[in-house]
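> Sequence below, structure please.
(2 chains)
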Number of protein chains: 2
Amino acid sequence: MYVILIYDINIEEDNKKGQRILNNSFKICKKYLNHVQKSVFEGEIDKAQLEKLHAELNRYIRKDLDSVIIFKSNNPRWLMKDFWGIKEDKTSNFF
Amino acid sequence: MYVILIYDINIEEDNKKGQRILNNSFKICKKYLNHVQKSVFEGEIDKAQLEKLHAELNRYIRKDLDSVIIFKSNNPRWLMKDFWGIKEDKTSNFF
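Numbering: from 1, shown residues only, chains lettered A, B, ... in the order given. Coordinates of the predicted model:
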């Protein structure tokens, strides 16, 4: 299935801790998906891998402070992507 | 068509200006789409409305600093949405 993942990690509440969670979330998502914009990842992933990603993120995401949205499509043929402004983040090997 | 819009407005470069662009971008997107997470909007929109949204945002988006990604689907039946952490932002009437 094709997935778009967008996370919103709260760094106002406790900046140091928020930043650490942000770094960990970035590394975890990068293992499974392609990084396309600051907090946006996309890519093909199977159910088992998505569950693993979910379990790993769950160790960091604070249910009351942080938010992760997953859009899933079984038929990516219906999904087109456009960029206004800066194009895809090809240099996303650094954080 | 069904659209997911995610913007990333640079507020490091010039905070005051960046914040103003962020506020304007939020207000513009809210006119056309539903706010679901900090920088994420979704909803049904027709081609003409999307072009109007694009033209309005283009007055603020800095091509070299800011990024807007649009995922479009002609068949939202294939698109499912999941939340991990904080649910949909029902209280998004304030910025």
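
> how far is the helix or strand of chain A with the lowest mean pLDDT from where the chain is centred?
Using mean pLDDT, DSSP states H and E, the weakest-scoring helix or strand in chain A turns out to be strand A:79-85, at a mean of 80. Distance, stretch centre to chain centre, for strand A:79-85: 17 Å (CA atoms, centre = their mean, to the nearest Å).

> Check stretch A:35-48 too.
Chain-centre distance of stretch A:35-48: 6 Å, with CA atoms, centre = their mean.

> what about it, near chain B?
Yes. Judged by CB under 8 Å from any CB of the partner chain, stretch A:35-48 comes into contact with chain B at A:36-40. Heads up, the C-betas are built off the backbone N, CA and C, glycines and all.

> that older thread, list the contacts of the least confident helix or strand of chain A.
Outside of strand A:79-85, the residues within contact range by CB atoms under 8 Å, 6 or more residues apart in numbering or on different chains are A:2, A:42, A:73, B:54, B:57-58, B:61-63, B:65-73, B:78-79.

> Quick one: name the residues of chain A near chain B.
Contact residues, chain A versus chain B (CB under 8 Å from any CB): A:4, A:6, A:8, A:36-40, A:54, A:57-58, A:61-75, A:78-87, A:89.

> In ChimeraX, how would I select just the buried ones from those?
Selecting only the buried entries of the residues of chain A next to chain B in ChimeraX, with 16 or more other CB atoms under 10 Å in any protein chain shown as the criterion:
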select /A:4,6,8,36,37,38,39,40,54,57,61,62,65,66,67,68,69,70,71,72,73,78,79,84,85,86,89
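
> quick one, longest helix in chain A?
Of all segments of type helix in chain A, defined using DSSP state H, the longest is helix A:15-32.
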